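Chemist: Next come a sequence and a model predicted from it.
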Amino acid sequence: MAVLIDAHCHTVVAGELDAAAFELACTEAHLPAPAGTSYLDSQVGLAVRRWCAPALGLPRHAEIGDYLARRSAVGWRAATRTLLRSAGFETLLVDTGLDGPDRLDTATLGDLAGAAVREVVRLEAVAEHVASTGVDAAGFAAALAGVLERRTAHAVAVKSIIAYRAGLAVPAERPAAAEVRRAAGDWLRGGGGRLTDPVLLRHVLWAGVDTGLPLQVHTGFGDRDLALPAADPAHLQPFLGAVDGPVVLLHCYPYHRQAGWLAQVYPHVYLDVGLTVGHLGVRAGAVLAECFELAPFGKVLFSTDAYLLPELYLIGAAQFRHSLRRMLDAWRADDAISAADAARLTERVCAGTARRVYALAAGGQRRPVRRRSS
Amino acid sequence: MAVLIDAHCHTVVAGELDAAAFELACTEAHLPAPAGTSYLDSQVGLAVRRWCAPALGLPRHAEIGDYLARRSAVGWRAATRTLLRSAGFETLLVDTGLDGPDRLDTATLGDLAGAAVREVVRLEAVAEHVASTGVDAAGFAAALAGVLERRTAHAVAVKSIIAYRAGLAVPAERPAAAEVRRAAGDWLRGGGGRLTDPVLLRHVLWAGVDTGLPLQVHTGFGDRDLALPAADPAHLQPFLGAVDGPVVLLHCYPYHRQAGWLAQVYPHVYLDVGLTVGHLGVRAGAVLAECFELAPFGKVLFSTDAYLLPELYLIGAAQFRHSLRRMLDAWRADDAISAADAARLTERVCAGTARRVYALAAGGQRRPVRRRSS
Amino acid sequence: MAVLIDAHCHTVVAGELDAAAFELACTEAHLPAPAGTSYLDSQVGLAVRRWCAPALGLPRHAEIGDYLARRSAVGWRAATRTLLRSAGFETLLVDTGLDGPDRLDTATLGDLAGAAVREVVRLEAVAEHVASTGVDAAGFAAALAGVLERRTAHAVAVKSIIAYRAGLAVPAERPAAAEVRRAAGDWLRGGGGRLTDPVLLRHVLWAGVDTGLPLQVHTGFGDRDLALPAADPAHLQPFLGAVDGPVVLLHCYPYHRQAGWLAQVYPHVYLDVGLTVGHLGVRAGAVLAECFELAPFGKVLFSTDAYLLPELYLIGAAQFRHSLRRMLDAWRADDAISAADAARLTERVCAGTARRVYALAAGGQRRPVRRRSS
């Protein structure tokens, strides 16, 4: 089984979940499903029963009620450990911006998964933290840069969710210092909190660029807080033309073909199939193949984008391995690729490209990286 | 064969059709095809010959000329009856906004189809009718509400074609009464007619919401009167966030993946595959599978959107059944779903979800529904 | 093997290419791939090794280094001849706007390919040439019309790259003469050069319409000079509604489903699969099938859009033939089309539709066409 690096994920709940909470964690919705329906009557629901039921000793396609009963009987910690270990990760790159008191800390997550853990720093979360420290408008930019420098000292990437807050039609230019000061003043006078000012969001994005680390950007679908058309990664073109460090487009669906083109024409742009592959179940293979249309093969990365449920880690990994194998088998059957090339592609998308982009040494150690002087 | 409810369709021509009229009714174009080509040299043309020729006693793939000759020899009424009966519908939900003197009334349509018929009320047609009754600007809103209340007393849904008139980027808010009065004044002074004023269209949409019935919305492709990018259902997000009754996105193609996401993140949003499945012939299965990526399975509805030709009913039904079966067979072959779940999904998309959303009792009777007080 | 007309292509390099230049000619990128990756580790790279290696006497899937060594040993001229002849074209329609001193002239290209050559005139290149002749603002429009009349006397089509310069959201109306004069004045005072003024670009587009020849329009992906969302062919709707001569939408991906709809609802609109099929390798069949969803079969055209490398001609042709055959075999296996219809469709998309649209006599001679008086 190919070594697998999960190049973008989150942590999981530390505790038991009732059926309603489990169901809601399986979807991007944040309200219960209408009476008579269930979010588990979906690709994710089928995938839980397909990939996770056997890991907990049940038959494939066990009913979801039986699965949840077994999960509860096993206990969340043992179930988490079993599910994560079944996924077979070497390394997890964890976005720590969604931590909370009822979540596993990353060290425990790594222990349970039997995997190395490296951190991805969520830029907006850092900015909102800085706003809560009593900084004033004049000091905001420097304070952010300072905190980011400390927070990213051992991180492998930074991540932006500007798609959720202002959309991806980001102007190419950094906002001027005076603009940032003015916007920071407005925000801080309002008490900080959720950052939605487009000037500040852009400044925070550039502060991420200035760390010299690869920049992961949420694109495409997610929860309904985002306006989907504004999350088309093609809107990033002006910004992509203005930076030169690695930019990893996360998720991308249903704009993954656009993302594949960006990954072809911008040498520093990458396409990460996380969330997409995990949410599509049996359809993951069809979409994966669409990602491999225009994107050079060395520009496609695997991740799960799993969050809250260890099931989403296992589904992401197992479905990806299965779908990639089937895709390559079909290419082989068409005599379009040699066995050696198929193996090379597999190694690269499962781990090799993540190692290169995120400067990870084999075994998950981060190699030293030269910071760009900002 | 699973019970099938056609959750959105129109009536058919009452009379013989010549070859040119038949050809034009098979396409969304409204001008003849260029010399040397035919709209029947298309997926719809192949589907007529595949699914309808055998129903009229000809071999599969009979030439279209032979088909039309046989249709004519049988006579339009007998042909209509045979084609509709071959489709095997239990219930038809008919948008009555495209009626006309040369069209079958819905009672006769139901008789010929051997199916129950329920009405879907087209909002813009009602508004244009109200404008023709001599109402003044100050009375327009109340008159519309009154007529809608009467017209929807036995209806199962209302339908909007605002995509054709103003696009789907509808602001979330109801227009103010004064705005509506002013816009109604302008429209009525101009003699009413085709409603294109965006404020009034929005008011009419909300008047539809106020009926308390499910709201069907045309999205995606249609004829060239619409600007395709403005018909992307994702533009509806602000409006969808402002309402809570069922909203059914019709057609959706080529934005059906966007629609699938909307159906996942908005509990009250549904995806209807009508028109799309009927127009794509052998490709219907591929697109159907894309609809089942993000949409929970209980959020996908079948319809034909058939209009003018009984052939489009039969094609819609037969191609859908065939494509759904093949899709599920492929999922089964991949061991991604159990046989029981595949059967459950089939029952739901063919009839169960329509029964729930449109409050139809088994056998096509409409169950009483509590109206929302507006 | 079906006769094949390449309805849109460019010429090739006259000379040897080193590995770096070859790699860059295989992609729409214009900067080298990041260290550790290669643009040949891609669908195009696989396709070179699949389709071209055997033509030069190597095994399928030969390593790219071995392929380039063999190509070099054979010599560029013999390799070009072999690759082009292996593609088996009857006629090439060559966009001559990308000529240069190190490129084959079209006569030699035709000789090496063993094919007739007809010219496609790139409108913006003609306009930029006219600007360099010392014309003044008042004389620009007439000079352009005059040069276009001469340049298109033996041409089969004109071509616009307005997608690159201003996007496809072109207003329906011709710009007024005074507007054109003013814009020409600004441009000429600045010394002419790359034309980016939207008014002039629109004027040039209409000058192309006035030639009475079919108009090819770049849509969809290309190099990063274009803003991808602005290259969605659906933005052309107002312009398409204002013209009535044939308009051929080139490439289209990832908006090819939008293009298929345009080809259905506008009788004079066509969809050309060039560039798309050639760049997608094993995935060409999946995308080709998407093109055949809404587009009437007589509205789909084959081309390679090959440029610089004879390999791209052979890949375009061989992959297209292979993918079309597999697509039709799948339709046959589903009993969705008869063998006779599949053969008819093949003949049409390979050559028949190009003959009709571009008024080519069999064997590649251009039939006389009546010019529209402007």
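Modeler: Here it is on my side, so go on.

Chemist: what pairs with A:Gln216 across the strands?
Modeler: Bridge pairing for A:Gln216 (DSSP bridges) gives the partners A:Lys159, A:Val248.

Chemist: pLDDT score assigned to it?
Modeler: According to the prediction, A:Gln216 has pLDDT 98.

Chemist: And the one 5 residues further on, by the same measure?
Modeler: Among the per-residue scores, A:Phe221 holds a pLDDT of 97.

Chemist: Quick check: closest non-adjacent residue to it.
Modeler: Spatial nearest neighbour of A:Phe221, excluding adjacent residues (C-beta to C-beta, 6 or more residues apart in numbering or on different chains): B:Trp261 at 4.9 Å. From N, CA and C alone the C-beta is placed, and that goes for glycine too.

Chemist: helix or strand for the closest residue to chain B within the stretch 1-150 of chain A, which one?
Modeler: Of all residues in the stretch 1-150 of chain A, A:Thr37 sits closest to chain B, at 3.5 Å by C-beta to the nearest C-beta. Assigned by DSSP states H and E, A:Thr37 belongs to no helix or strand.

Chemist: and the residue nearest to A:Phe221, what does it touch?
Modeler: By C-beta atoms under 8 Å, 6 or more residues apart in numbering or on different chains, B:Trp261 lies in contact with A:28, A:221, A:228, A:254, B:234, B:294-295.

Chemist: looking at these, which has the most residues close by?
Modeler: Ranked by neighbour count (other C-beta atoms under 10 Å in any protein chain shown), those have B:Leu294 at the top, with 30 neighbours.

Chemist: so how far is stretch A:279-295 off the chain centroid?
Modeler: From the chain centre to the centre of stretch A:279-295 is a distance of 16 Å (C-alpha atoms, centre = their mean, to the nearest Å).

Chemist: what does stretch A:31-51 give?
Modeler: For stretch A:31-51, the distance to the chain centre is 22 Å (C-alpha atoms, centre = their mean).

Chemist: Name the residues of that stretch that are buried.
Modeler: Neighbour-count burial for stretch A:31-51, counted by 16 or more other C-beta atoms under 10 Å in any protein chain shown, picks out A:33-34, A:37-51.

Chemist: Residue numbers of chain A in contact with chain C?
Modeler: By the rule C-beta under 8 Å from any C-beta of the partner chain, the part of chain A lying against chain C is A:232, A:234-235, A:237, A:241, A:246, A:257-258, A:261-262, A:264-268, A:289-290, A:292-299, A:331, A:334-338, A:341, A:345, A:353, A:356.

Chemist: need the next SSE after the helix or strand of chain A with the lowest mean pLDDT, C-terminal direction.
Modeler: The weakest-scoring helix or strand in chain A, judged by mean pLDDT, DSSP states H and E, is helix A:276-280 (a mean of 94). Downstream of helix A:276-280, the next assigned helix or strand under DSSP H and E is helix A:284-291.

Chemist: Mind checking if that following helix is in reach of chain B?
Modeler: Yes. Under the criterion of C-beta under 8 Å from any C-beta, chain B is reached by helix A:284-291 at A:286-287.

Chemist: what does the one helix or strand A:Ala157 maps to contact?
Modeler: Taking DSSP H and E as the definition, one finds A:Ala157 inside strand A:155-160. When contacts are defined by C-beta under 8 Å, 6+ apart, strand A:155-160 is touched by residues A:8, A:93, A:95, A:97, A:118-124, A:148, A:152, A:204-205, A:208, A:211, A:213-218, A:248, A:250, A:358-360, A:366.

Chemist: Stretch A:72-86 now?
Modeler: Here stretch A:72-86 makes contact (C-beta under 8 Å, 6+ apart) with A:12-17, A:52, A:55-56, A:71, A:104, A:109, A:112-115, A:310-311, A:313-314, A:318.

Chemist: circling back: mark which of the residues of chain A next to chain C are buried, thanks.
Modeler: Here, 16+ other C-beta under 10 Å leaves A:232, A:234-235, A:237, A:246, A:257-258, A:261-262, A:264-268, A:289-290, A:292-299, A:331, A:336-338, A:341, A:345, A:353, A:356 buried among these.

Chemist: which secondary structure elements does the lengthiest helix in chain A contact?
Modeler: Longest helix in chain A by number of residues (criterion: DSSP state H): helix A:310-333. For helix A:310-333, the packing partners by 3 or more C-beta pairs under 8 Å, 6 or more residues apart in numbering or on different chains; DSSP states H and E come out as strand A:4-9, helix A:43-47, helix A:76-87, helix A:276-280, helix A:284-291, helix A:339-347.

Chemist: Show me which residues of it are buried.
Modeler: Buried positions in helix A:310-333, judged by neighbour count with 16+ other C-beta under 10 Å: A:310-324, A:327-328, A:331.

Chemist: Averaged pLDDT, that helix. What do you get?
Modeler: On average, helix A:310-333 scores 98.

Chemist: again, but for stretch A:154-162
Modeler: pLDDT averaged over stretch A:154-162 gives 98.

Chemist: now do stretch A:37-53
Modeler: The average pLDDT within stretch A:37-53 is 97.

Chemist: Give me the distance between the two termini of it.
Modeler: Using C-alpha to C-alpha, to the nearest Å, the end-to-end distance of stretch A:37-53 comes to 21 Å.

Chemist: quick revisit: isn't the residue of the stretch 1-150 of chain A closest to chain B up against B:Ala295?
Modeler: No. Taking contacts as C-beta atoms under 8 Å, A:Thr37 lies outside contact range of B:Ala295: 10.7 Å.

Chemist: need the contacts of B:Trp261 in TSV with distance to B:Gly192 and secondary structure, can you?
Modeler: Converted to TSV, these look like this (distance: C-beta to C-beta, whole Å; DSSP: H, G, I helix; E, B strand; the rest coil):
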residue	distance to B:Gly192	secondary structure
A:Glu28	43	coil
A:Phe221	42	coil
A:Leu228	36	helix
A:Pro254	40	coil
B:Ala234	32	helix
B:Leu294	41	coil
B:Ala295	39	coil
